[in-house]
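In: Can you look at this prediction? I've put the sequence above it.
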Amino acid sequence: MSPLPPGIRCFISFSREQWYRTFILILTFLLYTSFHLSRKPISIVKGELHKNCSRVKNIEQHHYTTLASSGDETFSNESWCNWKPFDKSNYKQLLGALDYSFLCAYAIGMYFSGIIGERLPIRYYLTFGMLSSGFFTALFGLGYFYNIHNLKFYLFAQIANGFVQTTGWPSVITCIGNWFGKGRRGLIMGIWNSHTSVGNILGSLIAGYWVSSCWGLSFVVPGIIIAFMGIICFLFLIEHPKDVKCYSPSNDMQKKYLNGMNGFKSNGHILKALQHEQNQDTQCLLSGKENGLIPGTHIVVVNTDASNGNGMSAISFFGALRIPGVIEFSLCLLFAKLVSYTFLFWLPLYIKNVEHLDAKGAGDLSTLFDVGGIFGGILAGLISDKLRKRALTCGVMLLLAAPTLYIFSAVSQMGLGPTIAMLIICGALVNGPYALITTAVSADLGTHKSLKGNAKALSTVTAIIDGTGSVGAALGPLLAGLLAPSGWNNVFYMLMTADACALLLLIRLILKELHFNCVKQEDSAQTKEH
C-alpha cells in the first residue's frame, strides 16, 4: 500500500469539529470585514466633497453648474467644484454631522440589537442587517448619480445605515463565542479581529479607486459587496456546534455539571479542572476577599424558560450590567473607540491637509494605520493570553498610546517617511485595547461564571460594551469636526485626554488583577511548604 499524499494526511489529521470551527472563523471574518468595508468610503470621499477648486484641472463640466475660468485651467471661485451642500465654509461641521448621525444611530441601536439578537436566529438577523446595510450604503452613492444636494438625504442614509449595522457585531461575536472556548481566546480573537483593519484597508482602496472620477461608485460597490456577503451568510452560517451535532468534551462536561447529573458529581477531579478552566480568565475581576467564591452581590439571577431548550432565558439589560467588569470595560471602550473612530473618519482628511496629497493618495496612506491595528490586536491578544490579565494589557497600551499620539502630531509635519512609521505605531497602540475589549473581554464577560452557565447572555453583554463604546465613536468625529477649524493640534489634545480617561477607568480592574496574582503566588508558596 502506497503512503497517503501529504495534503491528504494533513486533511484527515483534523477532526470534523476542527474543520467546522475553521470554517466559522473564516466565514465570520469575511462577514464582518464587509461591514467595515462599507463604513470606510465616507472618510475617503470627504476630501472630494470639498476641495480647493483653484488647483483642480480637467474637471468634467457636466457635474457642476457654474465655472469661472481664470484662463489657466484654474478657476477664480475656489468652491465651484465642491458638492453642494458641502461647498460652504462650514463644510467641516457638515461632514462631522454625517459621521455623528451614523455613529449616534449605531450607538443607540446597539443597546437594542443585542437584546433582539438573543431572541432571533442569528443567521436570519445577520442576513437582514447585511442586505439592509448594502441598500443604504449604495443609497448614499446614488446621490451622485441623481445629482442630489439635499443634506437631509445624506443624513437619512447615514442614520438608517447606522441602525442596521448594529446587527453585525453582537451576531458574529456570539457565533464565535459559541464555537470557541477560553483557552487561547485572546490570541484567536486578536487574529480574527483583524477583520476591522482589513475591512478598513479594502474599503479605503475600493473607495479611493473611484473617488476622483465617480465618487458615487465609492459607495455603490461596497454596498453590493456587503449585500452579497449577506446572501453568503444566509446560505452557510452555522450558529452553534449543536446544529451540526458537534460537541466538544468541555462543553459536554459543562452541560452535565450545570444540569446536576449524578455520575458527574462523583468525579471531583474533573469538576475541579473544569471550574479552573472556566474561571481562570475572569475570576481576578471579582473581589479577592471571598477566597475564590463569587460574592452574593455578583450573582446574576437567571430565570428559567420552559420554552427554551436549555432551560435558560435571555438575560435582561440590567442583569448584564451586574456582571463584574462590564461597566468598567464599557466606559473604557467609550474613550478607546472615540480615539479609534476619530482616526477612522478624519485621518484621510488630516493627511490630505498636512501632506498635500489628493484624496486617493491620502486614503491609500491612511491604510497604514489599519495595518498597525492588525499587529496591535494580535499582540494584545497574545500578551493577555500569556499573562491572563486583560485589563493590565489594555492599560499598558493606553499608557503608551497617549504620548505616541503627541509624537505623531509633531512628526507628521516633517515629511512622508516619519508619518508612515508613526501611522503604524499609532495604529497598533490605539486599536490594540479596542480590539481586545470588543472581542476576548466581551466573550469572557458574556460567559462569566456568575451567569451560572447561561450562554444567551453573550449577545447582550457584547451589545452593552460595544454600544457604550459607540457613544464615544459618535462623539470623537463630532468633536474633531468642531475642533479642526481651530487647528489640528486641538484634535490631538482631545485624543490624548480620551486615552488618559480610558486608562483611569481600568485602574480598579488592573489593581484587582495584580492583587489576584499576588494571592495566587502566596497560595502556591504555602502549598509547597506543606
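Out: Happy to help now that I have it.

In: alpha carbons only for contacts and neighbour counts from here, please
Out: Noted.

In: Not counting sequence-adjacent ones, nearest residue to I378?
Out: Spatial nearest neighbour of I378, excluding adjacent residues (Cα to Cα, 6 or more residues apart in numbering): G190 at 4.2 Å.

In: What helices and strands are in contact with the host helix or strand of the one you found?
Out: Using DSSP states H and E, G190 sits in helix 185-192. Under the contact criterion of 3 or more Cα pairs under 8 Å, 6 or more residues apart in numbering; DSSP states H and E, helix 185-192 touches helix 359-387, helix 416-436.

In: among the ones you listed, which is nearest E118?
Out: helix 416-436 (22.5 Å; Cα to Cα).

In: so where's the stretch 51-200 of the chain shaky on pLDDT?
Out: 52-80, 181-186 (pLDDT under 70).

In: Which stretches in it count as helices?
Out: With helices called from DSSP state H, counting those that start in this stretch, the stretch 51-200 of the chain shows them at 91-118, 122-145, 151-164, 168-179, 185-192, 195-210.

In: May I see these organised as a markdown table, with mean neighbour count and distance to T393 added?
Out: Shown next, in a markdown table, are those (neighbours: other Cα atoms under 10 Å; distance: least, Cα to Cα, whole Å):
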| stretch | mean neighbour count | distance to T393 |
| --- | --- | --- |
| helix 91-118 | 23 | 26 |
| helix 122-145 | 22 | 31 |
| helix 151-164 | 20 | 30 |
| helix 168-179 | 24 | 21 |
| helix 185-192 | 24 | 11 |
| helix 195-210 | 24 | 20 |
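
In: Output the ones you listed as TSV; include the columns distance to T22.
Out: Conversion of these to TSV gives the following (distance: least, Cα to Cα, whole Å):
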stretch	distance to T22
helix 91-118	23
helix 122-145	18
helix 151-164	27
helix 168-179	10
helix 185-192	11
helix 195-210	15
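
In: Could I get the average pLDDT for stretch 349-365?
Out: Summarised as a single mean, pLDDT over stretch 349-365 is 79.

In: on that earlier part again, wait, the residue nearest to I378 sits on L379?
Out: Yes - counting by Cα atoms under 8 Å, G190 touches L379, with 7.3 Å between them.

In: Could I get the contacting residues of L475?
Out: By Cα atoms under 8 Å, 6 or more residues apart in numbering, the residues touching L475 are 100, 338.

In: element containing H515?
Out: helix 507-529.

In: follow-up on the earlier one: contacts for the helix holding G190?
Out: With contact meaning Cα under 8 Å, 6+ apart, helix 185-192 is reached by 25, 29, 374, 377-382, 384-385, 435-436, 439-440.

In: now stretch 374-382
Out: For stretch 374-382, contacts defined as Cα under 8 Å, 6+ apart pick out 185-191, 193-194, 197-198, 393-394, 427-436, 440.

In: for stretch 408-417, same thing?
Out: Against stretch 408-417 from outside (Cα under 8 Å, 6+ apart): 354-355, 418-419, 422-423, 426, 489, 492.

In: Can you check the distance spanned by it, start to finish?
Out: 12 Å (Cα to Cα, to the nearest Å).

In: same check, this time on stretch 142-162
Out: Stretch 142-162 stretches 18 Å from its first residue to its last (Cα to Cα).

In: How far off centre is it?
Out: 25 Å (Cα atoms, centre = their mean, to the nearest Å).

In: relative orientation of whichever strand or helix holds I351 and helix 416-436 in degrees?
Out: Following DSSP H and E, one finds I351 within helix 326-355. Angular relation of helix 326-355 and helix 416-436 on a 0 to 180 degree scale: 160 degrees, by axes from the mean of the first three to the mean of the last three Cα atoms, to 10 degrees.

In: buried residues in helix 326-355?
Out: With burial defined by 16 or more other Cα atoms under 10 Å, the residues of helix 326-355 counted as buried are 326-352, 354-355.

In: do stretch 234-244 as well
Out: Across stretch 234-244, burial judged by 16+ other Cα under 10 Å covers 234, 237-241.

In: Give me the distance between the two termini of that stretch.
Out: End-to-end distance for stretch 234-244, by Cα to Cα: 16 Å.

In: For the remainder of this discussion, apply numbering that starts at 639.
Out: Renumbered: residue one is now 639, and that last one reads stretch 872-882.

In: Show me what it is in contact with.
Out: Under the criterion Cα under 8 Å, 6+ apart, residues 662, 665, 760-762, 765, 813, 816-817, 885 lie in contact with stretch 872-882.

In: Ok, stretch 798-818 next?
Out: 659, 662-663, 666, 670, 673, 739-744, 746-748, 751-752, 755, 760, 763-764, 767-768, 770-771, 774-775, 876-879, 1077, 1081, 1096-1098, 1100-1101.

In: please redo it, this time with the cut-off set to 7 Å
Out: Contacts to stretch 798-818, defined as Cα atoms under 7 Å, 6 or more residues apart in numbering, come from residues 659, 666, 670, 740-741, 743-744, 747-748, 751-752, 755, 760, 763-764, 767, 770-771, 774-775, 877-879, 1077, 1081, 1096-1097, 1100-1101.

In: what's the answer for stretch 846-853, then?
Out: In contact with stretch 846-853 (Cα under 7 Å, 6+ apart) are residues 682-683, 686, 855-856, 998, 1001.

In: what distance separates that stretch from the middle of the whole chain?
Out: When distances are taken as Cα atoms, centre = their mean, stretch 846-853 is centred 26 Å away from the chain's centroid.

In: just stretch 646-657 next, same as before
Out: On Cα atoms, centre = their mean, the centre of stretch 646-657 falls 31 Å from the chain's centre.

In: tell me which residues of it are tucked away?
Out: E655.

In: Can you pull out the low-pLDDT segments for the stretch 1039-1168 of the chain?
Out: Scanning the stretch 1039-1168 of the chain for pLDDT under 70 picks out the ranges 1081-1096, 1155-1168.

In: Let's see that with 80 instead.
Out: The stretch 1039-1168 of the chain contains residues with pLDDT under 80 at 1050-1055, 1077-1101, 1154-1168.

In: Kind regards, and thank you for your time.
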